[in-house]
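>>> Compute the structure for the input listed below.
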Amino acid sequence: MTTDLLGFQRDLAARVLDGAAGDDPGLALTIGIQRSWCRGRAAQAAMPTLMLLPPEEARALLDAHVAAGGGRASFGNTAGMAFLYWLAARLPAGSPAAAMCTVQMAAHAAAAAGTPLTEAHAAAMLRDLMGQSAAANSDSR
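Presented below is the predicted three-dimensional model:
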């Protein structure tokens, strides 16, 4: 066991991040709260995309993301972008959810750059994505 405060805090942080509460109910509660916040940040960032998925699939994706360490970024836009990129790699290409995820990534990137996504730009992106989706569906027939 470490005797200095910094060593104790590092050890405690590692246990929280690893989810290793052992028999410590206080630490188990802390881990549960941390995961809840991670899950909430990710869900908030991708709500329109997640709403296009069956609820069980959306929950499973959120749980897998958090279990992989996602959602820990303190800044909403950073956590949101990370989840959207993670999610985009797991959604079927050409699906409505994949198209919405792409639009959300563009909106987050525009906000981070200080240039909000306009309604006209979003509509043009959606038309383009829906055209790509229609083309992908006709190619698969």
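
>>> Quick one: neighbours of L53, just the number.
Counted by other CB atoms under 10 Å, the residues lying close to L53 total 19. Where C-beta positions appear, they are placed from N, C-alpha and C, glycine not excepted.

>>> Can you verify my assumption that it contacts P96?
No: between L53 and P96 there is no contact under CB atoms under 8 Å: 9.4 Å.

>>> Can you tell me the closest non-neighbouring residue to the most centrally placed residue in the chain?
Nearest to the geometric centre of the chain sits F83, at 2.3 Å (CA atoms, centre = their mean). Distance criterion CB to CB, 6 or more residues apart in numbering; nearest residue to F83, sequence neighbours excluded, is A42 at 4.1 Å.

>>> name the element that neighbour belongs to?
Under the criterion of DSSP states H and E, A42 resides in helix 25-45.

>>> Give me the three-state assignment for G71.
Secondary structure state of G71, per DSSP: H, G, I helix; E, B strand; the rest coil, is coil.

>>> Next, it: phi, psi?
phi 90, psi 10 (degrees, to the nearest 10).

>>> What pLDDT is listed against the closest residue in space to it that isn't next to it in sequence?
Once flanking residues are discounted, G71 sits nearest to C38: 2.9 Å by CB to CB, 6+ apart. Looking at C38, its pLDDT is 82.

>>> swap in A13?
69.

>>> what do you get for A135?
The model's pLDDT for A135 equals 63.

>>> from here on, count from 15
Noted, 15 is the first residue going forward, which turns the last one into A149.

>>> tell me the contacts of L140?
Neighbour list for L140: A113, V117 [criterion: CB atoms under 8 Å, 6 or more residues apart in numbering].

>>> Any regions of this structure where pLDDT drops low?
Counting by pLDDT under 70, the chain has low-confidence residues at 15-17, 27, 29-35, 87-91, 143-144, 146-155.

>>> C-alpha coordinates for the helix or strand C115 falls within, PDB please?
Using DSSP H and E, C115 sits within helix 110-127. Output in PDB follows, covering the C-alpha atoms of helix 110-127 (Å, rounded to 0.1, in the frame of the first residue of the first chain):
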ATOM      1  CA  PRO A 110     -30.800   6.000 -41.900                       C
ATOM      2  CA  ALA A 111     -28.900   5.800 -38.600                       C
ATOM      3  CA  ALA A 112     -25.600   6.000 -40.500                       C
ATOM      4  CA  ALA A 113     -26.800   9.000 -42.400                       C
ATOM      5  CA  MET A 114     -28.000  10.700 -39.200                       C
ATOM      6  CA  CYS A 115     -24.700   9.900 -37.500                       C
ATOM      7  CA  THR A 116     -22.800  11.600 -40.400                       C
ATOM      8  CA  VAL A 117     -25.000  14.700 -40.100                       C
ATOM      9  CA  GLN A 118     -24.400  14.800 -36.300                       C
ATOM     10  CA  MET A 119     -20.600  14.500 -36.800                       C
ATOM     11  CA  ALA A 120     -20.700  17.400 -39.200                       C
ATOM     12  CA  ALA A 121     -22.800  19.500 -36.800                       C
ATOM     13  CA  HIS A 122     -20.400  18.700 -33.900                       C
ATOM     14  CA  ALA A 123     -17.400  19.500 -36.100                       C
ATOM     15  CA  ALA A 124     -18.900  22.800 -37.200                       C
ATOM     16  CA  ALA A 125     -19.700  23.800 -33.600                       C
ATOM     17  CA  ALA A 126     -16.200  23.000 -32.500                       C
ATOM     18  CA  ALA A 127     -14.900  25.200 -35.300                       C
END
